[in-house]
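# Here you go, sequence then predicted model.
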Amino acid sequence: MKTVEKNGRLVFIIYNTKMQEMILGCHTRGFFLYFCPLKQYDLIMKKYFSLMVLAAFCVVTLFSCKPDDEIYNRKCKISKIWYLSNVGDPNEVYQYDKKDMLTHIVIDSLETYDFEYNKDKTVSRIVHKGKHYTEKIEMTYTDRLVDKMVYSVNDTIRQEISFTRDEETTRITGIEEVYDKAFYDSFSILSKKSLYRKMVGDPEPVMKMMRENGAKDLVLHCKKTITYDPGEKEKYENIATVVEEYPEMRQEITRTYKYDPESFNPFYGMQYAYAGYAGYYLNNKLVETETIRTAGVITRETVFTYNYTGQHFMNDKKFPRQFTKTSSENNIPRNTYILYVK
C-alpha cells in the first residue's frame, strides 16, 4: 500500500497485480474505498483535481464580495428624492452609467457631485466644483472596506475621518473625526460648502456646541462608538447605538434605534461618505432617541419617530416611497419622497 497526498487529502493506493486493479481510499473527515482499473487511475485523478480547482474557485467567488463591501450596486436603486414636498423638481437626482455604477448626484438642479472609482469599483473620490472653490472627499480602503476619508477645499485639508472595524463581522465600530476649527469658526464660509453639509457632517450642531461650551483648541475631535443588534441570525445588520464624544466641548451624544423588520432601508449599502449611518442599517428606523450630556449631566433628550408609506416592492422586500420623521420637540412632520429606478 502506498500513501500520497493529493490537494490536501490523503489517498491510499493498494495495488492488486493479479486483478490489475487499484483500491483507492480518500478521506478528509470520512473514509471510503472503491476499485478501478489501473489504466483509469490517471483519468480519475485528473477529474478529481479539476473538481477540486472548480470547488476552490466557487469558494473564492462566493466569499470575495463580502455583504458589507462598500459598493453601492443594488438592484433597488434610488432615482430621485424630494424633501418636504413631492411637487416640482426633485432635490436630488441619482445618475448611473451603463454598468449601474452611481456616477453623479445632482442637487436642486444646480450642483453636481461627481463620483470617481478605483479599478475594484470602490469610490476613490467625490468632487463638487463651485464657482470659486473645489470640494473633494477622498477615500482609502483595506480589502475594499473604507478605512479613511479626507475632506478638502482647494486642496487644503479641513477634516479627516478614520474608521475601525470588528475583525469578525467587518462592521464599522469606531469613527475618529478631526476638525479644522478655523474652518468651523466662519459659518458664512462653511454654510456655502454644499458637499460638506451634505456628505461630511452637519456643521450647525457642532457650531452650537462650540458657542455654548466653548473650545479654544485649534483642532477639534469627535470619537464615535457604534454597536449593532445581532438579530436572530447574528448578522449584525442594524445599528443599535451610536455614542459621539466631543472632548474639547465636554459633550456626549447617545443615539439608540428601534427598527421595522418588515421595511427595508433604500440607503443600505451606501458608503458613510454619502449616506452617514443610514448606509449601515438594513431595516428602516421606527424610533430614534437622542440623549445629550454636558459634563456628564443630561441636558436634552429628543425622540424621533418614523412612519413609512407607499411601498415599493423589489425581490420580495418592501422599500418606502415616502417616510415621515417627527420630533418630540415640536411634533412637526418632515417628509421625504423617493422614486426608484425601475
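Received it, and whenever you're ready, just let me know what you need.

# Excluding covalently adjacent residues, which one is nearest to I105?
Y113 (4.5 Å; C-beta to C-beta, 6 or more residues apart in numbering). Any C-beta I mention is one placed from the backbone N, CA and C, and that applies to glycine too.

# again but with P320, I slipped
Spatial nearest neighbour of P320, excluding adjacent residues (C-beta to C-beta, 6+ apart): Y308 at 3.9 Å.

# Next: F183.
Per C-beta to C-beta, 6+ apart, closest to F183 is R158, 4.6 Å.

# In which helix or strand does that neighbour reside?
Using DSSP states H and E, R158 maps to strand 156-165.

# bridging residues for P333?
Under DSSP bridges, the beta-bridge partners of P333 are T326.

# what number of residues lie near it?
12 (other C-beta atoms under 10 Å).

# ok, now N330?
N330 sits with 8 neighbouring residues when counted by other C-beta under 10 Å.

# Check D120 too.
D120 has 11 neighbouring residues, counting by other C-beta under 10 Å.

# What sits closest to it if chain neighbours are left out?
Closest residue to D120 apart from its sequence neighbours, by C-beta to C-beta, 6+ apart: R144 at 5.9 Å.

# gap between the two ends of stretch 291-301?
4 Å (C-alpha to C-alpha, to the nearest Å).

# what does that stretch contact?
Contacts with stretch 291-301, where a contact means C-beta atoms under 8 Å, 6 or more residues apart in numbering, come from E212, N213, R250, Q251, E252, I253, T254, R255, T256, T289, E290.

# same deal with stretch 129-137?
So stretch 129-137 is contacted by 111-112, 125-128, 149-155, 192-196, 199-200, 273 (C-beta under 8 Å, 6+ apart).

# From these, which land in helices?
Members of the contacts of stretch 129-137 lying in helices (criterion: DSSP state H): S194, L195, A273.

# re earlier: pull out the buried members of the contacts of stretch 129-137.
112, 125-126, 128, 149-153, 193-196, 199-200, 273 (16 or more other C-beta atoms under 10 Å).

# Farthest pair within these?
Maximum pairwise distance among these (C-beta to C-beta): 20.6 Å, between T112 and V150.

# Can you pull the domain assignment for the chain?
2-64, 78-340 (automatic domain parsing).

# mean pLDDT for those domains: which is lowest?
Note on the domains of the chain: lowest mean pLDDT is at domain 2-64, with a mean of 43.

# May I ask which of the contacts of stretch 291-301 has the most neighbours?
When neighbours are taken as other C-beta under 10 Å, the top entry among those is Q251 (23 neighbours).

# From R300, how far out is it?
Q251 is 11 Å from R300, where distance means C-beta to C-beta, to the nearest Å.

# before we move on, what about T254?
For T254 relative to R300 (C-beta to C-beta), the value is 11 Å.

# Quick check: neighbours shared by the two?
Common neighbours of T254 and R300 (criterion: C-beta under 8 Å, 6+ apart): E290, T291.

# which residues in the stretch 101-250 of the chain form helices?
Counting by DSSP state H, counting those that start in this stretch, the stretch 101-250 of the chain has helices at residues 181-185, 187-190, 194-195, 203-213.
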